[in-house]
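# Below: sequence and its predicted model.
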Amino acid sequence: MKSSYDVVVVGGGPAGSMAAWEAAKGGASVCMLEKDRDIGYPVRCGEAASDLGLRQFVEPKDSWIAKKISGAVIVSPNESKVHVKFANETGYILNRRIFDYDLSRYAANAGAEVYTKAYVKELLKSEETVTGVVVDHLGEEKKISAKIIIGADGLTSRIGRWAGIKTQIRMKDMESCVQYSVSNIDVDPDNMIMYVGENFAPGGYLWVFPKGDKFANIGIGISGKHSKYKSAKAYLDEFMAREFPNAAILTTMCGGVPCAKPIKHPIKNGIMLVGDAAHQVNPMTGGGIVSGMKGGWLAGQVAADAIAKGDYSEKTLIAYPEKLRKDFGKNHERFYKIKEATAALTMDELNSIAENVLKIPFEKRTLASVFKAAVFKKPSLIIDVLKVLSGV
Ligand SMILES: Cc1cc2nc3c(=O)[nH]c(=O)nc-3n(C[C@H](O)[C@H](O)[C@H](O)COP(=O)(O)OP(=O)(O)OC[C@H]3O[C@@H](n4cnc5c(N)ncnc54)[C@H](O)[C@@H]3O)c2cc1C
């Protein structure tokens, strides 16, 4: 490990690896620091991602894919099952352990240095500019100076806070999650299943994401507003006892998902935040793999350009949030509005939406029809629904 790089990326998740990869491709000297022993492990994710999403950056490899998914089944509070086939799209339940690892290899192959067991414990600053990090690597403390730091250190990002970027999130927008990886269950292998309504998951949803061979990720995310009354784990355990009493629970994980609007200004002089650290998660679905990759991808490019120009100030780095907003930022704001509207629906309203959507013949039923029905109380949001689903 050298004592100086153009770019230091903190965190080796999908957002960090994409940032390191792009910055290295753009000619910068790059070092990526990951605190855990392995990139990609432990997995704290339902592992769902879309083919089109991944394909923006890279051709999906067979080894990344545990199961291809052709549709979704949305289960209403009274257990009506609305089956929607994905139109022109394939979903994947990934093996993130392999996927994340490969992304870090791509960054390394482009010239980035990757270190694990490298915990960043402090930022170095000179006046109003971030100038480096202090890292504990294999028990040894080191100071590394950098022209640009990219904070890809996930939801609990301390890099952002240390730099003085506002990373706070409202309790109601913080999804509290628990997930079991379970085997020995009979589950629809081709569809992702999502249970909605207060009885299953207040302010969120409960998911069953099949990974094939009687194996699945079964998890729940509930709004922080509700988790103080009854924990996410209590909801999930009730569901497991009812639906899958014989399941073998092989892994248990807990985590949070920032289902807020993306941080508008995730930069300061010499620093950018990407991925969960910058709340780059679809607030409606909680999906943050692809959008985090996009955040890292854009930040990596802007970092390489800034290095080439020799200017690492906020004035130059502003290109990053500007590109973000044009890309998925605006859509995430629309998703946030739709989430707010659907979170206010009662169980009866959700049941009647399901009834109405079930009247649409299966071959004509689309995600757009479900979303449009879901915002019936706020017809003005139909425009937002159409925009997010057309990717505008
Ligand atoms: C239960 C659950 C289910 C989910 N399901 C899905 C899903 O199905 N689909 C989807 O798209 N998204 C899902 N998400 C969200 C998704 O996991 C995240 O959005 C995504 O991992 C964000 O990537 P990232 O690179 O920003 O952060 P992370 O993947 O969290 O990576 C951050 C990395 O930074 C490292 N780090 C942190 N601090 C330091 C430090 N000080 N020094 C060095 N390294 C540090 C961490 O060890 C970690 O490896 C889920 C999340 C949870 C919690």
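Right, received. Where do you want to start? Numbers count the residues shown, from 1 in each chain.

# Could you check stretch 1-12 and say which residues are buried?
Buried residues in stretch 1-12, counted by 16 or more other CB atoms under 10 Å: 5-12. All C-beta spots, glycine's among them, are computed from the backbone N, C-alpha and C.

# is it anywhere near the ligand?
Yes: counting by CB under 6 Å from any ligand atom, contacts between stretch 1-12 and the ligand involve 10-12.

# which one among those residues gets closest to the ligand?
residue 11 (2.7 Å; CB to the nearest ligand atom).

# show me where the stretch 101-250 of the chain has helices.
Assigned by DSSP state H, counting those that start in this stretch, the stretch 101-250 of the chain shows helices spanning 158-163, 224-227, 232-243.

# between the ones you listed, which one is nearest to residue 72?
Nearest of the helices of the stretch 101-250 of the chain to residue 72, taken as CB to CB: helix 232-243 at 17.4 Å.

# which residues touch the closest one?
Helix 232-243 is contacted by residues 176-178, 180, 182, 195, 200-201, 206, 218-222, 247, 249, 254 when judged by CB atoms under 8 Å, 6 or more residues apart in numbering.

# is the ligand contacted by that helix?
No: Helix 232-243 stays clear of the ligand (CB under 6 Å from any ligand atom), getting no nearer than 9.2 Å.

# What parts of the chain come near the ligand?
10-16, 33-36, 44-49, 119-120, 152-154, 158, 177, 179, 219, 255, 257, 275-277, 281, 286-289, 292.

# Return the subset of these lying in helices.
Assigned to helices by DSSP state H, the following of these qualify: 14-16, 158, 289, 292.

# how about those, which pair is most distant?
Farthest apart among those by CB to CB are 158 and 289. That separation is 21.9 Å.

# Relative to residue 55, which of the residues of stretch 1-12 next to the ligand is nearest.
residue 12 (22.2 Å).

# can you pull out the strands in the stretch 1-150 of the chain?
Counting by DSSP state E, counting those that start in this stretch, one finds strands in the stretch 1-150 of the chain at the ranges 4-10, 30-33, 48-50, 65-69, 71-75, 81-85, 91-94, 113-115, 118-126, 129-137, 140-151.

# Please identify the deepest-packed of the ones you listed.
Mean neighbour count (mean count of other CB atoms under 10 Å) peaks for strand 30-33 among these, with a mean of 28.

# Give the residue spans of the protein that score low on pLDDT.
Within the chain, the ranges that satisfy pLDDT under 70 run 390-392.

# at 50 instead, please
Along the chain, the parts satisfying pLDDT under 50 run over 392.

# so how far is the ligand from residue 214?
To the ligand, residue 214 is 20 Å away according to CB to the nearest ligand atom, to the nearest Å.

# Correction: the previous question concerned residue 205.
As judged by CB to the nearest ligand atom, residue 205 and the ligand stand 11 Å apart.

# Same list, the helices of the stretch 101-250 of the chain, but as TSV with mean neighbour count please.
Formatted as TSV, the helices of the stretch 101-250 of the chain follow (neighbours: other CB atoms under 10 Å):
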stretch	mean neighbour count
helix 158-163	20
helix 224-227	19
helix 232-243	16
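
# Please convert these to TSV, extending it with distance to residue 345.
What follows is the helices of the stretch 101-250 of the chain, written out as TSV (distance: least, CB to CB, whole Å):
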stretch	distance to residue 345
helix 158-163	33
helix 224-227	15
helix 232-243	18
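
# and the protein, what are its domains?
Using automatic domain parsing, the domain ranges for the chain come out as 4-45+97-169+260-317, 67-92+173-258, 337-390.

# So which of those is nearest residue 323?
Proximity to residue 323 (CB to CB) singles out domain 4-45+97-169+260-317 among the domains of the chain, at 4.8 Å.

# Ends of the closest one, what's the gap?
One end of domain 4-45+97-169+260-317 to the other measures 20 Å (CA to CA, to the nearest Å).

# cool, stretch 64-82 as well?
Termini of stretch 64-82 sit 28 Å apart (CA to CA).

# going forward, begin numbering at 49 instead of 1
Fine by me, first position is 49 from now on; the one you just mentioned is stretch 112-130.

# what's around residue 369, how many residues?
Per other CB atoms under 10 Å, the neighbour tally for residue 369 reads 23.

# Buried by neighbour count: which residues of stretch 252-266 qualify?
By 16+ other CB under 10 Å, the buried positions in stretch 252-266 come out as 252-259, 263-266.

# Nearest to the ligand among those residues?
Top of the list for closeness to the ligand, among those and by CB to the nearest ligand atom, is residue 257 at 6.4 Å.

# ok, now which ones touch the residue in the stretch 149-298 of the chain positioned nearest to the ligand?
Residue of the stretch 149-298 of the chain nearest the ligand, by CB to the nearest ligand atom: residue 202 (3.1 Å). By CB under 8 Å, 6+ apart, the contact set of residue 202 is 59, 61, 323-325.

# Need phi/psi at it.
Residue 202 adopts backbone torsions of phi 80, psi -170, taken as degrees, to the nearest 10.

# Residue 265 versus that one, what's the distance?
19 Å (CB to CB, to the nearest Å).

# and the ones in helices among the residues of the chain next to the ligand as CSV, adding distance to residue 146?
Below are those laid out as CSV (distance: CB to CB, whole Å):
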residue, distance to residue 146
62, 12
63, 18
64, 17
206, 28
337, 13
340, 17
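
# Mark which of those are buried, thanks.
Buried among these by 16+ other CB under 10 Å: 62-64, 206, 337, 340.

# And for the residue nearest to the spatial centre of the chain, nearest residue in space, chain neighbours not counted?
In the chain, the centroid-proximal residue (CA atoms, centre = their mean) is residue 336; its distance is 1.5 Å. Excluding the flanking residues, the one nearest residue 336 by CB to CB, 6 or more residues apart in numbering is residue 329, at 3.6 Å.

# repeat for residue 95
Counting by CB to CB, 6+ apart, residue 142 is the residue found nearest to residue 95 once chain neighbours are left out, at 4.4 Å.

# same thing with residue 184?
Nearest in space to residue 184, with sequence neighbours left out and distances taken as CB to CB, 6+ apart, is residue 167 at 4.6 Å.

# List the contacts of that neighbour.
Residues in contact with residue 167, defined by CB under 8 Å, 6+ apart, are 81, 83, 183-185.
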